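> Okay, here's the prediction I keep looking at, along with the sequence it came from:
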Amino acid sequence: SQTIHQWPATLVQPVGSPLSLECTVEGTSNPNLYWYRQAAGRGLQLLFYSVGIGQISSEVPQNLSASRPQDRQFILSSKKLLLSDSGFYLCAWSTGTGQTHKGLLRDSYEQYFGPGTRLTVT
Amino acid sequence: LAKTTQPISMDSYEGQEVNITCSHNNIATNDYITWYQQFPSQGPRFIIQGYKTKVTNEVASLFIPADRKSSTLSLPRVSLSDTAVYYCLVAPNYGGATNKLIFGTGTLLAVQP
C-alpha cells in the first residue's frame, strides 16, 4: 500500500533562518508531488508541483523553493524565513498520467495528503 | 479556472442528512467536480468526484444538474465525526499534465449531538 511521510511534524524557527521540509512517498513510482500551505483559518494554497525528478513548477512566487532529488522525495526549502511563512505545510501525491492506482486507470484528481508540518516562524 | 462558491459554515444534528451546495458558474466542458474533507490538523481526504448527474459511493452522493453550474454533496445520517471542512473543487482536465487542485476556504460543517 502507498504511504506518505512528512517531517518534522512541528517546527519553530526564528525569522531569517533556513528551512528544509521533507516528504517521501512509498509504494508507488513516478508520482506527481505537491506542496501546499494552509495559513490559520484559510484554505490550502498550492505552492509547487512536480511531475518527475528535477521537474518543479512554482505556483506562487515567494521566498520558498522546492526540489525533487529522487522519484519519491520532495523537499521544500527556504534560505530566510519570514513571519508570513508560518502555517501548516502539506505534501501530497497523485498518480501520474496513464498510471493506475488500485488497478484502475484514472485521472489524477484524487490526491493523497501527508500528515503535515506545522511551522511557526517567530 | 472555474471559481467555486460554497457556504462558509453549516450546522446539523446527528442522524440528519446534510446537503452542501457549491456553485461553479464558469465550469468548462472538460472540468470535473471533486469534493474533499479536512479534519483539523490533517490533510484533506478525497470524498467523491463526478462529471454529471449523480455519483454515489460508500461515503456520500454527489448531485450535478444538467447545466453543471452547481453541485450538491449529500452526506446521509451525519455523525459527530463528520464535523470537518468540506471543499468543493473544479478540477481542470489538463490532458496529461498535472492536476492542480485549487482549494478555497471550504464549508465548515458542525454536527451537534
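Nice, thanks for sending it over.

> Name the SS class of the residue of chain B found nearest chain A, please.
Scanning chain B for the residue nearest chain A gives residue B:43, at 2.6 Å (criterion: C-beta to the nearest C-beta). C-beta: built from backbone N, CA, C; applies to glycine. Using DSSP: H, G, I helix; E, B strand; the rest coil, the secondary structure recorded for residue B:43 is coil.

> and it, what is it in contact with?
Shown here is residue B:43, whose contacts under the criterion C-beta atoms under 8 Å, 6 or more residues apart in numbering or on different chains are A:90, A:92, A:113, A:114, A:115, A:116.

> will you turn the residues you listed into a markdown table that also has distance to chain B and secondary structure?
Formatted as a markdown table, the entries for those read as follows, by distance: C-beta to the nearest C-beta, whole Å; DSSP: H, G, I helix; E, B strand; the rest coil:
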| residue | distance to chain B | secondary structure |
| --- | --- | --- |
| A:90 | 5 | strand |
| A:92 | 7 | strand |
| A:113 | 3 | strand |
| A:114 | 6 | coil |
| A:115 | 7 | coil |
| A:116 | 6 | coil |
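
> farthest pair in the residues you listed?
Distances among these were taken as C-beta to C-beta; the most separated pair is A:92 and A:115, at 11.2 Å.

> of these two, who's got more company?
Higher neighbour count among residue A:92 and residue A:115: residue A:92, with 26 against 14, using other C-beta atoms under 10 Å in any protein chain shown.

> what sits opposite the more buried one in the beta ladder?
Taking DSSP bridges as the rule, residue A:92 bridges to residue A:34, residue A:113.

> Under the pLDDT cut-off, which ranges of chain B? List them.
Counting by pLDDT under 70, chain B contains low-confidence ranges at B:1-2, B:92-99.

> residue ranges of the strands in it, please?
Taking DSSP state E as the test, the strands found in chain B are B:9-13, B:18-23, B:32-38, B:45-50, B:53-56, B:61-64, B:70-75, B:84-91, B:107-112.

> can you list those strands in TSV and add mean neighbour count and distance to chain A?
Formatted as TSV, the entries for those read as follows, by neighbours: other C-beta atoms under 10 Å in any protein chain shown; distance: least, C-beta to the nearest C-beta, whole Å:
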stretch	mean neighbour count	distance to chain A
strand B:9-13	14	12
strand B:18-23	18	13
strand B:32-38	23	5
strand B:45-50	18	4
strand B:53-56	13	12
strand B:61-64	19	13
strand B:70-75	21	14
strand B:84-91	23	5
strand B:107-112	17	10
